[in-house]
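**Student:** Sequence and predicted model, in that order:
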Amino acid sequence: MSSVRTRIAPSPTGEDIHIGNLYTALINWAYAKKNNGQFIVRIEDTDRERYVKGAEEKILASLHAFSITNDEGPDVGGPYAPYRQSERLPIYKQHAEELIAKGKAYYCFCSKERLEELRSTQQKNKQIPRYDKYCLLNVKNAKERIAGGEKYVVRLNVTPDKKVWFDDVIRGKIEFDSNQIDDQVLLKSDGYPTYHLGVVVDDHLMKISHVVRAEEWISSTPKHVILYESFGWPLPVFAHMPILRNPDKSKLSKRKNPVWASWYLGEGYLPEAILNFLALQGWSHPDGKELFSVAEFIEKIDLKDIHPAGPIFDINKLQWMNQQYIQTLDNSSLKNKLLNFYEENQTIHGFLSNNKASETVLELAKTRMKALKDFSSLVHYLFESPGKDMMSEEHMQIIPLIKTALEQVASWKSSEILAVLKELMSKQSSAKMSLFYVLFTGSKQGLPLPEMLEVLGKDEVLKRLENLQK
RNA sequence: GCCGCGUUCGUCUAGUGGCCUAGGACGCUGGGCUUUCAUCCCGGAAAUCACGGGUUCGACUCCCGUACGCGGUACCA
């Protein structure tokens, strides 16, 4: 059996890798790993208009942040380098010319204006908007015009009245009528290939065995099939993944949802949790498990088990999953993750690395974080006492009572503090736990108060009460 | 418009002809534990399996049609 080689082909046209692309990357990577194959990253930077500088680096960095490692790519090289399409221009040109020589493609000199006019009249007459093969039928001196410096494109010469089909692992046989297929531009006038020429040539040259990509590519696949046949190349296995959706069911977009992988990382979602969540889109563990490792996913995944309907991206479930991952972390790994996450925040970073009490806090905070970024609001009052402006008459009245009570605590331990607070509550009907919380934290709820008061220290606690009385 | 893909609780899904009076998970909700909030545990509501026809002794499961949703329809990917 020939080896499994999969790939993702991101375009550096956004801020970062799109979460939907990360999903596709996960499936491609996992499937390759499962089969002891290779996973390749190829940068499809053929759109010069939308090109975003630095996007490629960001995409690669994000992939690595998720531990999705590529065996070949622009960053690590490989036997089929270069892996950046902009560096492969002569290859596409050569292949386009091969197609022309075979009569499978042709030069076209039509202006943008003519194409627009053609399209609008076709639409007006309710015809399928397609190129009319004008240049194929009328231009006889293409070589001369090109030699004369005229701009041109190369178009695919689609034979009408034919059935074009392919087998999709996830969806079965998909068939198109070639009359529906446009004479797609293959090589643009700037010398760059379009996606269609680029993918087919590169996937073949790089020996990609499985083309696993999003559903939005289904309708261009027949063009690719024609291309493979025109070159005389065997077809790869196709698998079109469902596309992730917004709550309104449209394709997941940045207007309606956070889509950049780094956004999720920046909120403090753990890569493992995100991957686990993504694995559950369109797929389910054979044992019905919800929580499982990437290694287990690799072991169990099979392309044919993927459900084709487009799932709505439910951030709620992601949050739950993230919390599950956070609370099963041991203190030292949680600490490391937080240290990393709060690299810029000196207060929290310092507290975590120097304060012995951070162990206690970590333990208590664990079950109360949906994401790493929740940690700061859970502990902020350790570094900054709540102001008088947050207190009501009720709070002010209770201060003397609680102060005397706390002053009597001999051994400043959470258990004793709790006992004292409980006693106060039983004696004084106006004394309530929620009042105490506000006094020290500015909020009615939070991490267990006795433990946090212990962390704060007797002196600091009493000082805070005194300050409030001033 | 045309072409293609899809359709099981609000959401992610199980389900490949009888085990389904449809199971799990998130969310929602009631309760327990508890110093608040969480965690954790127990319970509940929630899907006439989009609809209509077939096929079959029997259909969520197979076939056809319809509706709806989504995707594509670029010298963007």
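**Tutor:** Happy to help now that I have it.
**Student:** how about the residues of the stretch 301-450 of chain A near RNA strand B?
**Tutor:** A:305, A:307-312, A:314, A:316-317, A:319-320, A:323-324, A:327, A:367-368, A:414, A:418, A:422, A:433-434, A:437, A:444-450 (Cβ under 7 Å from any atom of the strand). Where you see a C-beta, it was placed from the backbone N, CA and C, and this is true even at glycine.
**Student:** out of these, which are buried?
**Tutor:** Burial of those was assessed by neighbour count (16 or more other Cβ atoms under 10 Å); the buried members are A:310-311, A:319, A:323, A:368, A:414, A:418, A:437, A:446-447, A:449-450.
**Student:** of those residues, closest to A:Pro222?
**Tutor:** Relative to A:Pro222, the closest of these is A:Gly310; by Cβ to Cβ it sits at 21.1 Å.
**Student:** Now do the same for the closest one: helix, strand or coil?
**Tutor:** coil (DSSP: H, G, I helix; E, B strand; the rest coil).
**Student:** At which residues are the strands of chain A located?
**Tutor:** A:5-8, A:38-41, A:105-108, A:153-156, A:163-168, A:172-177, A:185-187, A:210-214, A:237-241 (DSSP state E).
**Student:** would you turn those into a markdown table with mean neighbour count?
**Tutor:** Shown next, in a markdown table, are the strands of chain A (neighbours: other Cβ atoms under 10 Å):
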| stretch | mean neighbour count |
| --- | --- |
| strand A:5-8 | 27 |
| strand A:38-41 | 24 |
| strand A:105-108 | 22 |
| strand A:153-156 | 23 |
| strand A:163-168 | 16 |
| strand A:172-177 | 12 |
| strand A:185-187 | 25 |
| strand A:210-214 | 22 |
| strand A:237-241 | 21 |
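**Student:** Export those as JSON lines, with columns for distance to A:Arg464 and mean pLDDT.
**Tutor:** Formatted as JSON lines, those follow (distance: least, Cβ to Cβ, whole Å; pLDDT from 0 to 100):
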{"stretch": "strand A:5-8", "distance to A:Arg464": "54", "mean pLDDT": "98"}
{"stretch": "strand A:38-41", "distance to A:Arg464": "54", "mean pLDDT": "98"}
{"stretch": "strand A:105-108", "distance to A:Arg464": "78", "mean pLDDT": "98"}
{"stretch": "strand A:153-156", "distance to A:Arg464": "73", "mean pLDDT": "98"}
{"stretch": "strand A:163-168", "distance to A:Arg464": "65", "mean pLDDT": "95"}
{"stretch": "strand A:172-177", "distance to A:Arg464": "68", "mean pLDDT": "94"}
{"stretch": "strand A:185-187", "distance to A:Arg464": "71", "mean pLDDT": "98"}
{"stretch": "strand A:210-214", "distance to A:Arg464": "55", "mean pLDDT": "98"}
{"stretch": "strand A:237-241", "distance to A:Arg464": "55", "mean pLDDT": "97"}
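**Student:** Right, I'll call it a day here.
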